[in-house]
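In: okay, predicted coordinates and the sequence, questions at the end:
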There are 2 protein chains.
Amino acid sequence: MSPDWIAVDWGTSNLRVWAMGPAGVLDHASSDEGMGKLSRDGFEPALLRLIGPWLSDGATPVIACGMVGSRQGWAEAPYRAVPCTPVAPGALLRVLTADPRIAVQIAPGLSQASPADVMRGEETQIAGALALLPNFDGVLCLPGTHSKWAHISAGEVVSFQTYMTGELFALLSSQSVLRHGMAGDGWDEAAFLQGFDDAYARPEKISARLFSLRAEGLLAGLSADAARPRLSGLMIGIELAAAKPYWLGQRVVLIGADRLCDNYTRALAQLGLTAQRLDATACTLSGLATARGALKKVLP
Amino acid sequence: MSPDWIAVDWGTSNLRVWAMGPAGVLDHASSDEGMGKLSRDGFEPALLRLIGPWLSDGATPVIACGMVGSRQGWAEAPYRAVPCTPVAPGALLRVLTADPRIAVQIAPGLSQASPADVMRGEETQIAGALALLPNFDGVLCLPGTHSKWAHISAGEVVSFQTYMTGELFALLSSQSVLRHGMAGDGWDEAAFLQGFDDAYARPEKISARLFSLRAEGLLAGLSADAARPRLSGLMIGIELAAAKPYWLGQRVVLIGADRLCDNYTRALAQLGLTAQRLDATACTLSGLATARGALKKVLP
């Protein structure tokens, strides 16, 4: 098995690789050697541990996206400023390697001057979404640790906005005083919708609503199965309240983990919106393929 | 030195004790043996380590407030429901001790059914404030990990509301992605006021504003001396936006740590309010003395 090229999604926490052939994915592998765990000289060995079995004598192209291109990553790929296409011919950063069997290139992230914002990795998913949805004009929402909303027009990212929704949920549910009432896996859907409605209607009350979760646990026996989804609803509620200029009157497409996108789908439905869904991995692979296609044009 | 009684402020993180004589404080001591570090049978030894030198043969009254009275504390002192006086004759919880030289009583916290809310410790500071400001009608603000606002009328707490301001600041500045741009001690006052104004004017945008701190650090070299005060301003801004029904048209008195109250004073000044200040420790001691006075009436 000798792939044409290797696709790499290298985030803060995880490393995922795919051996790509003419007809698509030949093989895949992953590890927890994300950017956050590696020093600069740890990236090449971490990559080779996963893709070594796929390599032959010639230099196999490797196209990577994500935090691997950040200042704390393997090599810093300077942001490209919006408005611009999500990936661009000639903008990939070539990384020198000790091993001659790989030719590594990193897709840069996008930046926006005002309001100041950045993304790394999502630009590749956006490129993939535009490959999967030709002539798309509208809004892409990529829920996650740092949820991104992007206005797309004529193949370009016109503007985008990041919300700390997922990170706030993780910190509050596992590190704050609210953690005492959050253990468990149950999901009370009515509690999710209540949290969403409360926060969407009165977003300014968020830090009081948060403490109410603790107080209701103490006074009224609020269960973890209700507290967790309500916290999730609160966080998504303030995001959708702030993102209204993005979604209002627009076609919205969600890209992300299934369960998270389920929550956003139901939240958007509360606002009368029917969101389309795209598979996040399919978007990543299509985006990396788009980047590689662009690469072909600029390198002989 | 033989005190008439011993005042105890026992929170989650710290234990502070004062030997009280007829004319006030005779001595004081403190340790980091807060409620959070102790199991149920660790409270009496932790207390005796600090107050042992003050004890004589008779049983010295010990009046304690704070998280020592929570479910995870020494003994659970059930909440009293508002509207009510902040401390009440006969409502102190007697704790049995192995050592006959102390007679320990814990002041219960307050609860509110709707919106669900609780406090432990602040009720004693509120009682102290009312002792220091006779016939006070208006609003008390107690900034901190969990900031409290309380409507006071005719000597009673009519209603109150808790905001997770301090805990959110701590989590975001030390545990989130924002921690990368937060190290240092400098304080750019203009950045504080900018954060406050932004959040107060558009509180629903809070989770986008948060990520902007990170993006401005990456793109525009935002310094830690500006990022920390701006985060503080953002957190206080959403609190004051939500607390408007409390402060609007009211006399506002702040009780808390000096530097924190400085920030609230300047934030309230942006809204045209001149806040009065009370020393937090003076309020705690006055409140515990009020509780002890009440105790005198109900115990022979």
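Out: Yep, that arrived.
In: going by C-alpha atoms from here, please, whenever you check contacts or count neighbours.
Out: OK.
In: could you pull out the strands for the stretch 1-150 of chain A?
Out: A:5-10, A:15-21, A:24-31, A:60-65, A:80-81, A:93-95, A:102-106, A:110-112, A:117-119, A:138-142, A:147-153 (DSSP state E, counting those that start in this stretch).
In: packing partners for the fourth one?
Out: Helices and strands in packing contact with strand A:60-65 are listed as strand A:5-10, strand A:102-106, helix A:280-298; criterion 3 or more Cα pairs under 8 Å, 6 or more residues apart in numbering or on different chains; DSSP states H and E.
In: mean pLDDT lowest for which of the ones you listed?
Out: In terms of average pLDDT, helix A:280-298 trails the rest of those, at a mean of 80.
In: export it as PDB, just CAs?
Out: Written as PDB, here are the backbone C-alpha positions of helix A:280-298 (Å, rounded to 0.1, in the frame of the first residue of the first chain):
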ATOM      1  CA  ALA A 280     -16.700  17.000  10.100                       C
ATOM      2  CA  THR A 281     -14.200  14.400   9.000                       C
ATOM      3  CA  ALA A 282     -15.500  14.500   5.400                       C
ATOM      4  CA  CYS A 283     -15.000  18.300   5.500                       C
ATOM      5  CA  THR A 284     -11.500  18.000   6.900                       C
ATOM      6  CA  LEU A 285     -10.500  15.500   4.200                       C
ATOM      7  CA  SER A 286     -12.100  17.500   1.400                       C
ATOM      8  CA  GLY A 287     -10.400  20.600   2.600                       C
ATOM      9  CA  LEU A 288      -7.000  19.000   2.800                       C
ATOM     10  CA  ALA A 289      -7.600  17.600  -0.700                       C
ATOM     11  CA  THR A 290      -8.500  21.100  -1.900                       C
ATOM     12  CA  ALA A 291      -5.200  22.400  -0.300                       C
ATOM     13  CA  ARG A 292      -3.300  19.600  -2.000                       C
ATOM     14  CA  GLY A 293      -5.000  20.400  -5.300                       C
ATOM     15  CA  ALA A 294      -3.900  24.000  -4.900                       C
ATOM     16  CA  LEU A 295      -0.400  22.800  -4.000                       C
ATOM     17  CA  LYS A 296      -0.100  20.900  -7.300                       C
ATOM     18  CA  LYS A 297      -0.600  24.100  -9.200                       C
ATOM     19  CA  VAL A 298       2.300  25.900  -7.600                       C
END
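In: so which elements touch it?
Out: Using 3+ Cα pairs under 8 Å, 6+ apart as the contact criterion, the elements in contact with helix A:280-298 are strand A:5-10, strand A:60-65, helix A:122-132, strand A:252-256.
In: deepest of the helices and strands packed on strand A:60-65, which one?
Out: For these, average neighbour numbers computed from mean count of other Cα atoms under 10 Å in any protein chain shown are highest in strand A:5-10, which has a mean of 26.
In: so what touches it?
Out: If you take Cα atoms under 8 Å, 6 or more residues apart in numbering or on different chains as the criterion, strand A:5-10 is touched by A:15-21, A:34-35, A:60-68, A:121, A:284-285, A:288-289.
In: kindly recompute the last result at 6 Å.
Out: Judged by Cα atoms under 6 Å, 6 or more residues apart in numbering or on different chains, the contacts made with strand A:5-10 from elsewhere in the structure are A:16-20, A:60-66, A:68.
In: do the same with stretch A:86-102
Out: With contacts defined as Cα under 6 Å, 6+ apart, stretch A:86-102 is touched by A:57-61, A:77, A:104-107, A:123, A:127, A:294-295, A:298.
In: if you set the cut-off to 7 Å instead, what comes out?
Out: Stretch A:86-102 is contacted from outside by A:44, A:55-62, A:75, A:77, A:104-108, A:123-124, A:126-127, A:156-157, A:291, A:294-295, A:298, using Cα atoms under 7 Å, 6 or more residues apart in numbering or on different chains.
In: which parts of it are buried?
Out: When neighbours are counted by 16 or more other Cα atoms under 10 Å in any protein chain shown, the buried residues of stretch A:86-102 are found to be A:86, A:87, A:88, A:89, A:91, A:92, A:93, A:95, A:101, A:102.
In: what of stretch A:235-250?
Out: Under the neighbour-count criterion of 16+ other Cα under 10 Å, stretch A:235-250 has A:235, A:236, A:237, A:238, A:239, A:240, A:241, A:242, A:243, A:246, A:247 buried.
In: if I look at the last one, what pLDDT would I see?
Out: Each residue has a pLDDT score; the one for residue A:247 is 97.
In: the helix or strand bottoming out on mean pLDDT in chain A vs strand A:102-106, what angle?
Out: Taking mean pLDDT, DSSP states H and E as the measure, chain A has helix A:280-298 as its least confident helix or strand, at a mean of 80. In terms of direction (axes from the mean of the first three to the mean of the last three Cα atoms, to 10 degrees), helix A:280-298 departs from strand A:102-106 by 110 degrees.
In: chain center to helix A:280-298, what's the gap?
Out: Distance of helix A:280-298 from the chain centroid (Cα atoms, centre = their mean, to the nearest Å) equals 16 Å.
In: that older thread, can you put the contacts of strand A:5-10 in JSON lines and add neighbour count?
Out: As requested, the contacts of strand A:5-10 are arranged in JSON lines below (neighbours: other Cα atoms under 10 Å in any protein chain shown):
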{"residue": "A:16", "neighbour count": "19"}
{"residue": "A:17", "neighbour count": "22"}
{"residue": "A:18", "neighbour count": "23"}
{"residue": "A:19", "neighbour count": "22"}
{"residue": "A:20", "neighbour count": "20"}
{"residue": "A:60", "neighbour count": "19"}
{"residue": "A:61", "neighbour count": "18"}
{"residue": "A:62", "neighbour count": "23"}
{"residue": "A:63", "neighbour count": "24"}
{"residue": "A:64", "neighbour count": "29"}
{"residue": "A:65", "neighbour count": "29"}
{"residue": "A:66", "neighbour count": "25"}
{"residue": "A:68", "neighbour count": "30"}
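In: between those, which is nearest residue A:199?
Out: Within the set of the contacts of strand A:5-10, residue A:66 lies nearest residue A:199; the separation is 31.2 Å, counting by Cα to Cα.
In: distance of the residue nearest the centre of chain A relative to chain B?
Out: Centre of chain A computed as the mean C-alpha position; nearest residue by Cα atoms, centre = their mean is residue A:122, 5.0 Å away. As for residue A:122, its distance to chain B is 15 Å (criterion: Cα to the nearest Cα, to the nearest Å).
In: repeat that for residue A:270.
Out: Counting by Cα to the nearest Cα, the gap from residue A:270 to chain B is 18 Å.
In: from residue A:262, how far off is that residue?
Out: Distance, residue A:270 to residue A:262, by Cα to Cα, to the nearest Å: 13 Å.
In: leaving out sequence neighbours, find the closest residue to whichever residue of the stretch 1-150 of chain A sits closest to chain B.
Out: Checking the stretch 1-150 of chain A residue by residue against chain B with Cα to the nearest Cα singles out residue A:117 as nearest, at 4.9 Å. For residue A:117, ignoring the flanking residues on the chain, the nearest one in space by Cα to Cα, 6 or more residues apart in numbering or on different chains is residue B:215 at 4.9 Å.
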